[in-house]
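Trainee: the following block contains a protein sequence and its predicted model.
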Amino acid sequence: MADRSHEMPSLFEQLGGEPVLRSIVDRFVDRMYGDPMIGFLFRKASRERIKEKEYELAAEHLGGGVRYTGRPLAQAHAPHAIMGGQFARRLELLRSTLVEAGAPEAVIRHWIDYTENARSLVTRDATGECNAPAPAPPKRGGGQ
C-alpha cells in the first residue's frame, strides 16, 4: 500500500465526505423545487432521483470516487427550454447553499466553475442576461 500521507485530500474529503455532500445536495434540490423562478421546471421530475443524480455528479467532480450514472447532461436537458436566467438562478441557489453550509472556498470555487463550464450543455441561451426592454419612444402630438 502506497504512502498517501503527503497527498492533499480531495475536495470531496475537504467538504466532509458523503454525509455532508448529501446534506448539501438535499438542501439545494429542495430549494430548487421550492423556488418561484425555477421550481416549475422540476414539477414532473422525481425529487429523489434528482437528489441522487445531483449527488453522483457532485461526488464525481469533487473527487469522491463516485460515478455519475445519469444521462449525459446535454441529453437530459435538451427537451427543456431552459433560459440563461434560469440557469443563473440555479447557480445562485447552489452558491448560497454552499456558503450557508460552510463549504470550503476551494470546494465552492470548483463547484461553481464546474457548473459554469456545463452551461452550454444545459441551456442554448448562452449569455442568460436579463435585460430590461428598451423604453418606448415618446409619443408625439395629441393634445392632452
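Mentor: Received, thanks.
Trainee: let me know the helix or strand that the residue nearest the centre of the chain is in.
Mentor: The centroid of the chain falls nearest to L91 when counting by C-alpha atoms, centre = their mean (4.6 Å). Assigned by DSSP states H and E, L91 falls within helix 84-100.
Trainee: how far out from the middle of the chain is that helix?
Mentor: 6 Å (C-alpha atoms, centre = their mean, to the nearest Å).
Trainee: list the buried residues for that helix?
Mentor: 84-91, 93-95, 97-98 (16 or more other C-beta atoms under 10 Å). C-beta here means a position set from N, CA and C on the backbone, and glycine is covered the same way.
Trainee: for D125, which non-adjacent residue is spatially closest?
Mentor: G84 (3.8 Å; C-beta to C-beta, 6 or more residues apart in numbering).
Trainee: quick one: mean pLDDT for the helix holding L91?
Mentor: For helix 84-100, mean pLDDT is 97.
Trainee: can you show me the CA trace of it as PDB?
Mentor: Extracted in PDB, the C-alpha atoms of helix 84-100 (Å, rounded to 0.1, in the frame of the first residue of the first chain):
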ATOM      1  CA  GLY A  84     -29.900  31.500 -19.200                       C
ATOM      2  CA  GLY A  85     -31.600  33.500 -16.400                       C
ATOM      3  CA  GLN A  86     -33.000  30.200 -15.000                       C
ATOM      4  CA  PHE A  87     -29.500  28.700 -15.200                       C
ATOM      5  CA  ALA A  88     -28.100  31.700 -13.400                       C
ATOM      6  CA  ARG A  89     -30.800  31.400 -10.700                       C
ATOM      7  CA  ARG A  90     -29.900  27.700 -10.100                       C
ATOM      8  CA  LEU A  91     -26.300  28.700  -9.900                       C
ATOM      9  CA  GLU A  92     -27.100  31.300  -7.300                       C
ATOM     10  CA  LEU A  93     -29.100  28.800  -5.300                       C
ATOM     11  CA  LEU A  94     -26.100  26.500  -5.400                       C
ATOM     12  CA  ARG A  95     -23.700  29.200  -4.300                       C
ATOM     13  CA  SER A  96     -25.800  30.300  -1.400                       C
ATOM     14  CA  THR A  97     -26.500  26.700  -0.300                       C
ATOM     15  CA  LEU A  98     -22.700  26.000  -0.300                       C
ATOM     16  CA  VAL A  99     -21.900  29.200   1.600                       C
ATOM     17  CA  GLU A 100     -24.600  28.600   4.200                       C
END
